[in-house]
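**Student:** Model the structure of this input:
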Amino acid sequence: MWLVLALSSAVLSGAVAVIIKYALKETSPELSLFIRTAAVLVFTLFFAKFKKLNLSDLVFIILSGAAMAISWLCYYRALNFGRAGIVACVERLSTPLTVVGASLFLKETFGPARFISVVFVTFGILIMLEKDDLKNIGAKSSDKDKKKKGWLCFALASALFTASSVLLAKAGLKNIDSDLSLTLRTIVVLIISFGVVLYKKELFCKISPKTLVTVILSGFVTGFSWLCYYRALALRDAAIIQSLDRLGVLVSVALSALIFGERPNKRQLVGLFFLTAGILFPTLG
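**Tutor:** Residues are numbered from 1 along each chain as shown. This next block holds a predicted model:
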């Protein structure tokens, strides 16, 4: 059952990246995240069963939610500036970070297969990057042109905070239902994203009905994806579930090529091969 849940999460999360990219043509990353998170919360409320929590569980949920919020804010920024398929690939650096983190902090096994995973994923991502992306990794925010080229910074930050969120979520799932954990974590994300939108004075920005529907749709798809993901996470090791979920990158690359014409070149296809192989290795041992 956990395998079906993890693969379902992968397919849905891969589609979300492309839906978000489409919506970002007419709205800001922060406003999109706020609306999407509100839709996710509505979805998850149907499944959550509220009960009393101890303080330690609540702390893990809040920290995981905060990390998730920062991760998605960075991810939206990266999607706004970069190619959807490549951004999704770079964000998959969260896989080796999760594998290493799970070994260090959650005492999960770190055998040869997981070591190869770390090497393959990192190598695959490096192959896919262009020289200009690496040159502009330290671009100043005041330089608009360089900021657009500096999407890599946001993608890398997203990977780091995604891994942090997963590890904190796994640590907090010992004494709490996965659906309730997801709902409470989503509330934290919603509060943070609302604060950002309020700070940037984007709460009452005009948004077309088409874009609004697109963002809400991404929220419901995300909600179902997260529901599958956290139920799977409660059943298996964090490293294995995170790895299978990352296979959604293949869906992102395929859809971005089909919809946006963002076709990877030969070198990027080689990088995608190593990335996919690396993603699958933690499931072997």
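**Student:** Any idea which helix or strand in this structure has the lowest mean pLDDT?
**Tutor:** When each helix and strand of the chain is scored by mean pLDDT, DSSP states H and E, helix 144-149 comes last, with a mean of 56.
**Student:** secondary structure element for I70?
**Tutor:** Per DSSP states H and E: I70 is located in helix 55-81.
**Student:** packing partners for the helix or strand just after that helix?
**Tutor:** Counting by DSSP H and E, the element after helix 55-81 in chain order, helix or strand, is helix 84-91. Using 3 or more Cβ pairs under 8 Å, 6 or more residues apart in numbering; DSSP states H and E as the contact definition, the elements that helix 84-91 packs against are helix 2-23, helix 55-81, helix 112-128, helix 151-171, helix 248-260, helix 266-280. C-beta: built from backbone N, CA, C; applies to glycine.
**Student:** Tell me the helix or strand right after helix 84-91.
**Tutor:** Proceeding C-terminally, helix 84-91 gives way to helix 94-105 as the next helix or strand, assigned by DSSP H and E.
**Student:** distance of the one residue sitting closest to the centre of the chain from A169?
**Tutor:** In the chain, the C-alpha nearest the mean C-alpha coordinate belongs to T162, at 5.9 Å (Cα atoms, centre = their mean). Using Cβ to Cβ, to the nearest Å, T162 is found at 10 Å from A169.
**Student:** Is there a neighbour count for K200? I'd like the number.
**Tutor:** Burial measure for K200: 12 neighbouring residues, criterion other Cβ atoms under 10 Å.
**Student:** which residues touch the closest residue to it other than its chain neighbours?
**Tutor:** Nearest-residue entry for K200: E30, 5.9 Å, with adjacent residues in sequence omitted and distances by Cβ to Cβ, 6 or more residues apart in numbering. Counting by Cβ atoms under 8 Å, 6 or more residues apart in numbering, E30 makes contact with L73, Y76, S193, V196, V197, K200, E202.
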